[in-house]
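K.L.:
no sequence for this one, just the structure:
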């Protein structure tokens, strides 16, 4: 059975108190005896203990805890772009004519907790959201491997919720995914790191992602809609770079983002008639009239779970605040 793990601090604890790990049972938590400084240490040395915990050991009320990101900021934060057909279409592209897996990174310093505020930088006007399924590595991959679909449990420890927050007025005009997506707090993760049994990895495709802004559903799709499935991405990444236990891979988002393609005809006309500077000035001016972009005090609520509730990654809730 899947195990819901959190990383937490007791509410009101001093910064010198080390975060702890525990297993959730309803509204209670069973704390793990050992401490793990990083997600990598936890997945390498704490998985068996977490899987063995029983409900009788749940002695702490969740209401008295501050939940932290289950992925620590020392880990690599890798991402897939345009990995859902619906989002590919709303980006003005053809999902049948996209022969590559789009990979980029976010700064690990952007990782924040599942209930922390998202801070909109003073110069950013077009702030967007992207719900994504996060994969957490179980072990180091230091050479190329061919990952079979039925062996994901050998390479992955669990899954978590990721919000790939994006400053579109930086990312798109400058053509820089890293800059536009890496501001501090632009990577809320959690609340749960859901540890899966080997057979449960076959149900990842049934996980339903839902993102709401102020109670209005903006994004919803099942993870089975991914173009490049986890085993494909793990195989490709292992041939490209070193991966380490605890690293995070965000697997792309479905349609429903605030940013939308203006359409092929408008894009062609802009390319022919306008300079790049003029084109992006019009884009930003038009975007500022789009009510879909996030504003201070907007609340984002994200959930990922199967329809039967057997696999549940919890609910992430964050509020947008303006940089002071």
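P.N.:
Cool, the structure landed. Predicted model, so just to flag it, every value in this text is computed and none were measured.
K.L.:
where does residue 282 land on pLDDT?
P.N.:
pLDDT for residue 282: 76.
K.L.:
now do residue 241
P.N.:
At residue 241, the pLDDT value in this model is 98.
K.L.:
can you tell me the helix or strand for it?
P.N.:
Using DSSP states H and E, residue 241 is not contained in any helix or strand.
K.L.:
now for it, how many residues are close by?
P.N.:
By the criterion of other CB atoms under 10 Å, residue 241 has 12 neighbours. All C-beta spots, glycine's among them, are computed from the backbone N, C-alpha and C.
K.L.:
again, but for the one 3 residues further on
P.N.:
Around residue 244 there are 18 other residues, counting by other CB under 10 Å.
K.L.:
who's in contact with it?
P.N.:
Residue 244 is in contact with 40, 75, 76, 137, 140, 141, counting by CB atoms under 8 Å, 6 or more residues apart in numbering.
K.L.:
ok, of those, which come out buried?
P.N.:
Buried members of the contacts of residue 244, counted by 16 or more other CB atoms under 10 Å: 40, 75, 76, 137, 141.
K.L.:
mind listing which of those residues are in strands?
P.N.:
Here DSSP state E is the test, and the buried ones among the contacts of residue 244 give residue 137 as lying in strands.
K.L.:
which pair in the buried ones among the contacts of residue 244 has the greatest spatial separation?
P.N.:
Distance extremes for the buried ones among the contacts of residue 244: the farthest pair is 75 and 141 at 13.5 Å, using CB to CB.
K.L.:
distance check, residue 23 against residue 295.
P.N.:
In this view, residue 23 and residue 295 are 37 Å apart by CB to CB, to the nearest Å.
K.L.:
in the stretch 151-300 of the chain, which spans are strands?
P.N.:
With DSSP state E, counting those that start in this stretch as the criterion, the stretch 151-300 of the chain has strands at 156-163, 166-167, 187-188, 193-195, 208-213, 216-222, 248-250, 299-305.
K.L.:
in a strand, residue 30, correct?
P.N.:
Yes - counting by DSSP: H, G, I helix; E, B strand; the rest coil, residue 30 is found in a strand.
K.L.:
contacts only, for it.
P.N.:
22, 23, 24, 53, 54, 55, 57, 58, 59, 60.
K.L.:
distance of it from residue 54?
P.N.:
7 Å.
K.L.:
ok, back up a step: residue 23 and residue 295: who's more crowded?
P.N.:
In terms of neighbours (other CB under 10 Å), residue 23 is the more surrounded of residue 23 and residue 295; the figures are 24 against 13.
K.L.:
the more buried one contacts residue 1, doesn't it?
P.N.:
No - using CB atoms under 8 Å, residue 23 is not in contact with residue 1, being 11.3 Å away.
K.L.:
give the residue spans of the chain that score low on pLDDT.
P.N.:
Flagging of the chain using pLDDT under 70 yields the residue ranges 12-16, 262-275, 279.
K.L.:
neighbours around residue 57, how many?
P.N.:
Burial of residue 57 is recorded as 17 neighbouring residues (other CB under 10 Å).
K.L.:
for it, phi and psi?
P.N.:
Main-chain torsions, residue 57, degrees, to the nearest 10: phi -90, psi 0.
K.L.:
same thing with the one 4 residues further on?
P.N.:
Main-chain dihedrals, residue 61, degrees, to the nearest 10: phi -80, psi 130.
K.L.:
numbering from 356 from now on, please.
P.N.:
Happy to do that; since the first residue is 356 now, the last one works out to residue 416.
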